[in-house]
Structures are given as structure tokens and as C-alpha cells.
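Student: let me see the structure of the following:
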Amino acid sequence: MSSSAAERGQEYALETKGLLKQFASVKAINHLTIAVPRGGITSIVGPNGSGKSTLINMLSGTLPIDEGMVVLDGTALRVIKPYDSPSHGVTRTFQEVRLFDQMSLWDNMLVVLTKRNVLGALLERAGTAHSSRAQELLEMVGLWDKRAAFAEELSYGQRKLLEIARALAMDVKLYLFDEPFAGLFPAVLEKVKVLLQDLKKEGKTIIFIEHNMDLIRELSDYIFVLDSGELLAEGEVHEVLARPEVIEAYLGT
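Tutor: As a prediction, this is how the structure comes out:
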């Protein structure tokens, strides 16, 4: 006997059903239906232009859904607004890091932790719990000593670490990371790997886009391969990456 949609939804952290995003005549996401397992690390890969970032943008509300729906933790959504994502248990990072550059690292953290606007974070005193958590997260990503510096003063890798710390501060169920390892020096890359693995240990669900196949093999529990906005393959990482159609589409051999 088949289970209800709600019951099936409890098996997955996220599902898409017939998801469509079209730019002029190009279907960047072409009626995509996938189901992301709850917990663990899921990677989304594919050649350039396959729709990876477009999908993340739709899941986080950065781009509107043209057709279809997203099911988050059993709740079907046809419209997702960026500011509503945390209420749905979702947060994300971007390929191009987005921070409050003219604010200190400390205040960047408090904006998220206290769920205040920027002005409120500057003028109001944070509670002890918020301050303790801000310190914990900045220490976790190795930026505590720079807490008084402006975000614009950070290196590229440090900016990525601060953005990840802000995402961790949201304490949601589902984390979307758009190329979190791109452009990082080895020491910072290792730190980000540990942060993702720690989230997994906490029972969170992580979805990330990545091009480095070694990182994908090392970190991923499950994988989706996109090609021209459509699902080409999915499943266990090593098995999927060995399929001829995936090698041809993604590796170009």
C-alpha cells in the first residue's frame, strides 16, 4: 500500500516536484523531481550550465518558482521568499560571499543571532546567550581574534568562513552551500570540511554544489547529477560517478 505524501515527506529533508525555471526559451531547471535524504551530506554536480546554482536559488527563494513545488519537511511550497527560508528550516551560503562589509565580524554575527535588523544590532546590547554563541562560532571558524575588524578587511577565505559561521548561527535543519570550497587555500579548505562533517554529526542535512571530485567522493553520502536542468543520475556517490553517461556528461570523456 502506498504511503501518503506527508508520510513520504518524512523520509526526506527536501523534495522537488516538477520544478521549472525558465529564462526566455532556456529551461534552466526542466520539471525536476528529486528527493533529498534526511541527514548527511548530499552533493549536486554537473557541467557548467546544468542548473546547479539555479536549483539552490530556487530552494532558498532567491529565484521564484515558475512551475512545480518544493516540499520541505513534509510541507508543500509553491512560493518561497528568501526571508522566509529560516522559518522553513533552511539557510544558505552564496558563490559570491554576502556579508555586511561595513560592520565588524562581531556585529555580523549578532545580526543573525538576535534576528534583528542591522541598525538594531548596532544600537542594542546583545544578551549573554547571544554573545556566548557569537564567540563560540567565531572561535569555531578561527576568526575570534578578528572579531573587531570590519568584514571588508578579511581575506577571501576568511570571508567564506564568516559566511559559514553566520549560516551555522541560524541553527536550521537544512543547509545549502553553493561552492563552499571554491578558491580556498588548503588550511581553510580543511576547516570547512570539518564544519560540514560536524553538521552531519549533529543530524543536519547538508546540500552542496562542488566541482572538485575528490571532495565530492570524500564528503558525500548521496549525489545528484544534473545536465541541462534535468536529472541525469542519482544515488551512492562511487556508483553514480562510475556510470558511463555521467563520465561523458560531467568529465567530458
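
Student: now do the helices in this structure.
Tutor: In the chain, helices defined by DSSP state H lie at 5-9, 52-59, 105-113, 118-123, 128-140, 156-169, 186-201, 213-219, 237-241, 244-246, listed in chain order.

Student: please parse this structure into its domains.
Tutor: Under the assignment automatic domain parsing, the domains of the chain span 1-89+174-188+200-253, 97-171.

Student: Serialize these to JSON lines and add fields for mean pLDDT and mean neighbour count.
Tutor: C-beta here means a position set from N, CA and C on the backbone, and glycine is covered the same way. Below are those laid out as JSON lines (pLDDT from 0 to 100; neighbours: other CB atoms under 10 Å):
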{"stretch": "domain 1-89+174-188+200-253", "mean pLDDT": "89", "mean neighbour count": "17"}
{"stretch": "domain 97-171", "mean pLDDT": "85", "mean neighbour count": "17"}
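
Student: of the ones you listed, which is nearest V194?
Tutor: domain 97-171 (9.2 Å; CB to CB).

Student: and the closest one, how far from the chain's centre?
Tutor: With CA atoms, centre = their mean, to the nearest Å as the basis, domain 97-171 stands 18 Å off its chain's centre.

Student: between the helices of the chain, which gets nearest to Q95?
Tutor: helix 52-59 (6.6 Å).

Student: tell me how far stretch 211-221 lies from the chain's centre.
Tutor: Counting by CA atoms, centre = their mean, stretch 211-221 comes out at 15 Å from the chain centroid.

Student: which outside residues touch that stretch?
Tutor: Residues outside stretch 211-221 that contact it (CB atoms under 8 Å, 6 or more residues apart in numbering) are 37, 40-43, 45, 179, 181-182, 193, 196-197, 200, 208, 210, 223, 237-238, 241.

Student: how about stretch 37-55 as PDB, C-alpha atoms only?
Tutor: Only the C-alpha atoms of stretch 37-55 are listed here, as PDB (Å, rounded to 0.1, in the frame of the first residue of the first chain):
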ATOM      1  CA  PRO A  37      17.600  12.100   2.100                       C
ATOM      2  CA  ARG A  38      17.200  13.500   5.600                       C
ATOM      3  CA  GLY A  39      20.500  13.900   7.400                       C
ATOM      4  CA  GLY A  40      24.000  13.600   5.900                       C
ATOM      5  CA  ILE A  41      25.700  15.300   3.000                       C
ATOM      6  CA  THR A  42      24.200  15.400  -0.500                       C
ATOM      7  CA  SER A  43      26.200  16.900  -3.400                       C
ATOM      8  CA  ILE A  44      24.800  18.300  -6.600                       C
ATOM      9  CA  VAL A  45      27.100  18.100  -9.600                       C
ATOM     10  CA  GLY A  46      27.000  18.600 -13.300                       C
ATOM     11  CA  PRO A  47      28.700  20.500 -16.100                       C
ATOM     12  CA  ASN A  48      28.600  24.300 -16.300                       C
ATOM     13  CA  GLY A  49      25.100  25.500 -17.100                       C
ATOM     14  CA  SER A  50      23.400  22.300 -15.800                       C
ATOM     15  CA  GLY A  51      21.200  24.200 -13.400                       C
ATOM     16  CA  LYS A  52      23.000  23.600 -10.100                       C
ATOM     17  CA  SER A  53      23.100  27.200  -8.700                       C
ATOM     18  CA  THR A  54      19.700  27.900 -10.200                       C
ATOM     19  CA  LEU A  55      18.300  25.000  -8.200                       C
END
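
Student: thank you, goodbye.
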